[in-house]
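**Q** quick one: sequence plus predicted model below, questions after.
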Amino acid sequence: QSPSAAPVDPNTFLNQFESTFGKFEGFRRSGAKGICATGEFLGSADARALSTASAFSGNPVPVVARFSVGGANPKAPDNARSQRNLALQFNLPNGEQWQMGNISAPVFGASSPQQFFGRLASLQPDPVTKTPDAAKVKAFADANPEVLLQGKYFASQPVPASFGTVNYWGVHAFGFVNASGTRQFGKWIFEPVGGLQGLTDEEAKAKGPAFLFDDLRQRVKDGKVAFNFNLELAQADDKIDSATVPLPEGRKKVNLGLLKITSAAEDSGGECLTITYNPMVLPKGVEPSGDPMLAARAAPYAVGLGRRLTEGAKQQ
Ligand code: HEM
């Protein structure tokens, strides 16, 4: 049951996504149901003290955003206690870019690519019953208890009222390097300026399975979608190489700046459609941590982009 340490080939990864969740031609294999948006980011003086990244200059930075519902199914219901995503591309001076894909949980569903692959394989529907084999699912989860943490988090939270009223975590640690060469590791969160808002079970039921896109368009028109880009600072002995272990409670939080969403696409198009948000695309002044999940994302995202572009990119 223990996952091996051998790297997972990106095509094998994508094939497993399709075997486990189904193949939806043209759609992202994860975060399939989404909408493009644009925004503007203003970095803070505190951010400039932590990192030389040009994103924090204090000049407005244009951002290509994408909001999505977790999973491979483009018809995933908006009124379930499931994952929401906020992917961002900061277009920096001189052609530099910063890409990230943030999720509405403080932890991911696996701590290594091998474990993630093993989890997906354990969830693959049996060809006869068309459902996952409960004994296989349980055996893998018993041997790899981290894979249950994210689901427990979502079960503990209400259905988000809007894409604009939920926290989005980067989940990995990154190093912030300033002009004197000091490297501060931390984990970031995008926190809605207007606060968190969830739905009661009755409200969620009444909203139905497809309300998030229109809700976002309306809130953006009203100028109500903005996030504080906050960084929790790691201390010397904190674990900074795991996407399933958050930093300890109470770590100092620094505001890196303000992200305002200024437009949301009226249809399924937009610049985000053909972007793959590769979290290893970092600006000078921000560096990856040793989290094995972080580096492991680049290749499967590129393969995923290749597949969906070949099929004709879609997201709604
Ligand atoms: C080895 C581990 C992982 C694999 C194989 C994987 C795979 C994928 C793939 C294939 C896509 C679709 C890419 C595209 O078509 O453009 C995707 C999207 C996404 N993933 Fe992962 N993923 C991994 C880890 C993670 C982790 C740790 C996070 C936590 C932050 C994450 C968050 C996201 C988000 C937010 C999206 C949607 C981005 C968008 O809107 O384009 N993934 N992932």
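**A** Yep, that arrived. Numbers count the residues shown, from 1 in each chain.
**Q** contacts only, for Gln235.
**A** The neighbours of Gln235, taking C-beta atoms under 8 Å, 6 or more residues apart in numbering as the test, are Arg251. For every residue, glycine as well, the C-beta is placed using N, CA and C.
**Q** which parts of the protein sit against the ligand?
**A** For the chain, the residues in contact with the ligand (C-beta under 6 Å from any ligand atom) are 13, 28-31, 34, 66, 68, 85, 87, 101-103, 108, 113, 116, 171, 243, 276-277, 293, 296-297, 300-301, 304-305, 308.
**Q** so the residue positioned nearest the centre of the chain, which of the three states?
**A** Centroid-nearest residue in the chain, with C-alpha atoms, centre = their mean: Asn102, separated by 2.7 Å. What DSSP: H, G, I helix; E, B strand; the rest coil gives for Asn102 is strand.
**Q** so what pairs up with the nearest residue to it once chain neighbours are set aside in the strands?
**A** Distance criterion C-beta to C-beta, 6 or more residues apart in numbering; nearest residue to Asn102, sequence neighbours excluded, is Tyr168 at 3.8 Å. Going by DSSP bridges, Tyr168 is paired in beta bridges with Phe190.
**Q** ramachandran angles for Asn15?
**A** Main-chain torsions, Asn15, degrees, to the nearest 10: phi -60, psi -40.
**Q** for the ligand, see how far away it is.
**A** Relative to the ligand, Asn15 is positioned 11 Å away (C-beta to the nearest ligand atom, to the nearest Å).
**Q** and that residue, how many neighbours?
**A** Counted with other C-beta atoms under 10 Å, residues neighbouring Asn15 total 14.
**Q** report pLDDT for it.
**A** Looking at Asn15, its pLDDT stands at 98.
**Q** same check, this time on Pro3
**A** pLDDT, Pro3: 58.
**Q** now do the helices in the chain.
**A** 10-21, 45-50, 113-122, 134-143, 149-156, 201-207, 212-221, 292-295, 298-311 (DSSP state H).
**Q** to Leu92, which of the ones you listed lies closest?
**A** helix 45-50 (13.5 Å; C-beta to C-beta).
**Q** now the closest one, how far from the centre of its chain.
**A** 24 Å (C-alpha atoms, centre = their mean, to the nearest Å).
**Q** ok, now stretch 108-125?
**A** With C-alpha atoms, centre = their mean, you get 17 Å for stretch 108-125.
**Q** what's next to it, contact-wise?
**A** Under C-beta under 8 Å, 6+ apart, the answer for stretch 108-125 is 1, 3-8, 12-13, 16-17, 19-20, 131-132, 136-137, 139-141, 144, 146-147, 149-151, 171, 242-245, 292-293, 296.
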